[in-house]
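Q: Output the structure for:
(2 chains)
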Amino acid sequence: MTELKIELKEKIIEILNLDDLTIADIDDDDPLFGDGLGLDSIDALELIVMLDKDFGIQLKDPNEGKDIFKSISVLAAYIDVHRSK
Amino acid sequence: MTTNYFIESYCHIKRETISLNGQTIFKNDDTDVSKFFKSAALHLKTEYPKFFKMDDLSKLAFLAADILLKATDHSNNVALVFSNKSSSLKTDRKHQRSISDKTRYFPSPSVFVYTLPNICMGEISIRHQLHSENTFLVLEQFNAGHLHINADYLLKNNKADKALCGWVNFEDNNYDAFLYLVSENGNFAHLPKEIDRLYHSK
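A: Modelled structure (predicted):
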């Protein structure tokens, strides 16, 4: 799980162009949206694409993202259970 | 009484160099466009995390506009009149590549949102809280007359307090930005001939 969390942090920094951050700046339990990393709605769509492309997880209901994208810990736990690749 | 308008300030960004009113304010020999923009944003204290998420055309326009708008007092009614030749072609092609293989069809939302050239004006308006008129002209080449007539109309009809105008073009990895601010104060007459001279001056 630790490796997956690190992988997710690296992917998020790269995909969302968070050039001013390193993986050390993202705590496992930091909120990804709002006061945490300050991600926006376009970033949420990018994360949904990432789940499909890299882990074979298709979110049918975008509202599911609200719970899944709470933090790196929550996201990693979800991927660990649902991934198909 | 007819108000006279002037070019208050102008900014060029091309060939790894940024200049303000003809004076170089940043130069970097890095020919990698992304690295150049990142270094420039840090050097110029842009301090806007969303800058790094923009496409190259928006970064180019944003940097030039940020330099000019930070250096002047302005209301939220600064009109934007921009132009270029290549529209958003660089980003259009990037988006096209992401959808050309039907077996790996993963269009990126953050790329797609920049597949219009006028998005760069939205980024500038959000950053500087502009609630103003904006126009983006796609032209064969730099055309001072078109820019002049649009800005002149907006200013003389009280549609804007100032007008930020110019050219922001990205073609392959070649970029060329020339923005200038038109107001009631300045050292250069707001005339097509003068706009053309300043465009070619750097």
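Q: ok, residue 74 - contacts?
A: As the question left the chain open, I've gone with chain A. Shown in contact with A:V74 (Cβ atoms under 8 Å, 6 or more residues apart in numbering or on different chains): A:67-68. (Each C-beta comes from the backbone N, C-alpha and C, glycine too.)
Q: I was thinking of chain B, sorry if that wasn't clear
A: The contact partners of B:H74, taken as Cβ under 8 Å, 6+ apart, are B:128, B:161-162.
Q: Give me the three-state assignment for the closest residue to A:I23 other than its chain neighbours.
A: Among residues not flanking A:I23 along the chain, A:K9 sits closest, at 4.1 Å (Cβ to Cβ, 6 or more residues apart in numbering or on different chains). Secondary structure assignment for A:K9 (DSSP: H, G, I helix; E, B strand; the rest coil): helix.
Q: do the one 5 residues further on as well
A: Under the three-state scheme (three-state DSSP), A:E14 adopts helix.
Q: Tell me how far it lies from A:G65.
A: When distance is defined by Cβ to Cβ, to the nearest Å, A:E14 is 19 Å away from A:G65.
Q: Between those two, which has more neighbouring residues?
A: The neighbour comparison of A:E14 against A:G65 (other Cβ atoms under 10 Å in any protein chain shown) goes to A:G65, with 19 against 11.
Q: Sticking with the residue lying closest to B:F188 once chain neighbours are set aside, tell me its helix or strand.
A: Nearest non-adjacent residue to B:F188, counting by Cβ to Cβ, 6+ apart: B:I7, 4.0 Å away. Counting by DSSP states H and E, the secondary-structure element that holds B:I7 is strand B:6-14.
Q: which parts of that strand are buried?
A: Buried positions in strand B:6-14, judged by neighbour count with 16 or more other Cβ atoms under 10 Å in any protein chain shown: B:6-13.
Q: Equivalent analysis for stretch B:104-115, please.
A: Under 16+ other Cβ under 10 Å, the buried positions of stretch B:104-115 are B:108, B:110-115.
Q: Tell me how far it lies from the chain's centre.
A: Mean-position distance between stretch B:104-115 and its chain equals 23 Å (Cα atoms, centre = their mean, to the nearest Å).
Q: No further questions, thank you.
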